[in-house]
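> Got a sequence here, can you model it:
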Amino acid sequence: MSKFQSTKIFDGFSTVFRQWQAEGTHCRFLHGYAIEFKVTFQGRLDHRNWVWDFGGMKRAKTKIDGMSAKEWMDYMFDHTVVLANDDPEKVFFENLDAKGVIQLRLMDGPVGAERFAEFIYNKLDAFVFEETGGRVSIARVEFFENKRNTAIYEG
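Numbering: from 1, shown residues only. Have a look, this model is predicted:
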């Protein structure tokens, strides 16, 4: 069975993170980017001859962690600080979050461009598969921490 592909870029997110295990590099410090990610959808065409409705994230009935896909993306990546759950300074950042200084988001496992690409892939793949009744899946996610540095995850 042949599959079609389409892509959409999601941008406009300001995200700060730190890779606490990156000893010997500046990545162990807090640093942020205006991030974006390019999602490649694959599957059979629908009755409109589309793989995925480019505005479908807003109109979808399926939820990600109880939120619409757009709300979830904003929640995770828009003006947030993303840390690994095992960051030794986690309590410090939780206190900043409790004081309203930051919007803290925790991820299981390490953080960084490669892990963000994988994380987004896993969340969106389950979402589009359910939303389309198995007609569409995610082929890949390319995560941009800037225009020169990207990481790709393919399922």
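
> any idea of the mean pLDDT for the longest helix along the chain?
Among the elements of the chain assigned as helix by DSSP state H, the one spanning the most residues is helix 113-131. Helix 113-131 carries an average pLDDT of 97.

> What is the subsequent helix or strand relative to it?
The element immediately downstream of helix 113-131 (helix or strand, assigned by DSSP states H and E) is strand 136-144.

> nearest residue to the residue nearest the centre of the chain other than its sequence neighbours?
The residue lying closest to the centre of the chain (C-alpha atoms, centre = their mean) is Ile120, at 3.5 Å. By the measure of C-beta to C-beta, 6 or more residues apart in numbering, the closest residue to Ile120 outside its immediate chain neighbours is Val141, 4.9 Å from it. (Each C-beta comes from the backbone N, C-alpha and C, glycine too.)

> likewise Arg18?
Taking C-beta to C-beta, 6+ apart, and ignoring the residues beside it in sequence, Arg18 has Leu30 as its nearest neighbour in space, at 4.9 Å.
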